[in-house]
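**Q** one predicted model, sequence on top.
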Amino acid sequence: MKYAAVLLGALLSFGAMAQSSGPVKNIVLVHGAFADASGWEAVYKLLSAKGYNVIAVQNPLSSLEDDVASVDRVLDKLEGPVILVGHSYGGAVISQAGASSKVVGLVYVAAFLPDAGENVLKWATAAPPAPENGALPPDEKGYIYFDKAKFHAGFCADLPADKAAFMYASQGAWNAKCAVTPLTAAAWKSKPSWAIVATEDKAINPDTERQMSKRAGSVVTEIKASHVVFVSQPGAVAAVIEAAARGAVAK
């Protein structure tokens, strides 16, 4: 009887280990500046069809703290380990929110990867801006918009003109506080990360993306695409996220 109990315990323990070694099933998608959560629709559909539990966070873009809090609220309601995915400024958000014990891996999609004590502005100005870059100075209320005349070429050049027009019309107003607030944590320093470099990016210099992801020790995939690579090439982006879900260790 005692032997049977020991054997049962061993089998249950092995089953738990086998379960924890499987792919992470929770994926949280975080958008960046001049965008909203709807841009993740195609990636969401691809991953959901494969059985992942996918949540796209709607960030207020009012401050780094507010955006991290919006991600934290989602994490609080999820059971089990999570892969956090951030685009552009969303990379800064997931770097800080990724300190949560539920987060076991991070995916940066044409994104910023600041360290603790650094801000997005440091890296946004690390290289001269592309001529197509249309990020305007803050308005009288402290919000930054992307110039309509440059939006298509500077933000989403590989999308059809009508799609670009809709994205411009639905862009989120980004408070300048988001860009100048230093991070208090950088989850990529203690957790595995994957990074997509958009080689045709005009919003963030691709060499800056390479520099940040190299410092973080991220597994890097380069894709010939604009800044919104997750919209123009959702299949390639979903594949990197799946690789992260398989490669991260579920705790």
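**A** Structure received. Numbering: from 1, shown residues only.
**Q** roughly how far does Gln58 sit from Ser70?
**A** 7 Å (C-beta to C-beta, to the nearest Å). Bear in mind the C-beta positions are built from the backbone N, C-alpha and C, glycine included.
**Q** avg pLDDT for the helix or strand Gly105 falls within?
**A** Assigned by DSSP states H and E, Gly105 belongs to strand 103-109. Strand 103-109 carries an average pLDDT of 98.
**Q** and the gap between Tyr145 and Arg246?
**A** 39 Å.
**Q** if you count what's nearby, which of the two comes out ahead?
**A** Taking neighbours as other C-beta atoms under 10 Å, Tyr145 and Arg246 compare with Tyr145 leading, 19 against 13.
**Q** list the residues that contact that one.
**A** If a contact means C-beta atoms under 8 Å, 6 or more residues apart in numbering, then Tyr145 has Phe34, Leu136, Asp139, Gln171, Ala173, Trp174 as its contacts.
**Q** most neighbours among those, please name it.
**A** Phe34 (27 neighbours).
**Q** out of the contacts of Tyr145, list just those in strands.
**A** Judged by DSSP state E, these include Trp174 as members of strands.
**Q** which stretches of this structure have low pLDDT?
**A** 1-21, 249-251 (pLDDT under 70).
**Q** list the helices and strands the strand holding Gly105 packs on?
**A** strand 82-87, helix 90-97, strand 193-198, helix 206-216, helix 234-247 (3 or more C-beta pairs under 8 Å, 6 or more residues apart in numbering; DSSP states H and E).
**Q** export that strand to PDB, keeping only CA atoms.
**A** What follows is strand 103-109, C-alpha atoms only, in PDB (Å, rounded to 0.1, in the frame of the first residue of the first chain):
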ATOM      1  CA  VAL A 103       5.200  36.500 -17.100                       C
ATOM      2  CA  VAL A 104       7.700  33.900 -18.300                       C
ATOM      3  CA  GLY A 105       8.800  35.500 -21.600                       C
ATOM      4  CA  LEU A 106       8.600  38.700 -23.600                       C
ATOM      5  CA  VAL A 107       8.300  39.400 -27.300                       C
ATOM      6  CA  TYR A 108       9.300  42.800 -28.700                       C
ATOM      7  CA  VAL A 109       7.800  43.700 -32.100                       C
END
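**Q** that strand to strand 82-87, inter-axis angle?
**A** Counting by axes from the mean of the first three to the mean of the last three C-alpha atoms, to 10 degrees, strand 103-109 lies at 20 degrees to strand 82-87.
**Q** higher neighbour count, Gln58 and Ser70?
**A** Ser70 (18 against 13).
**Q** okay, which residue is most central for this structure?
**A** The chain has Gly86 as the residue nearest its centroid, 0.8 Å off, counting by C-alpha atoms, centre = their mean.
**Q** having no further points to raise, I will conclude here.
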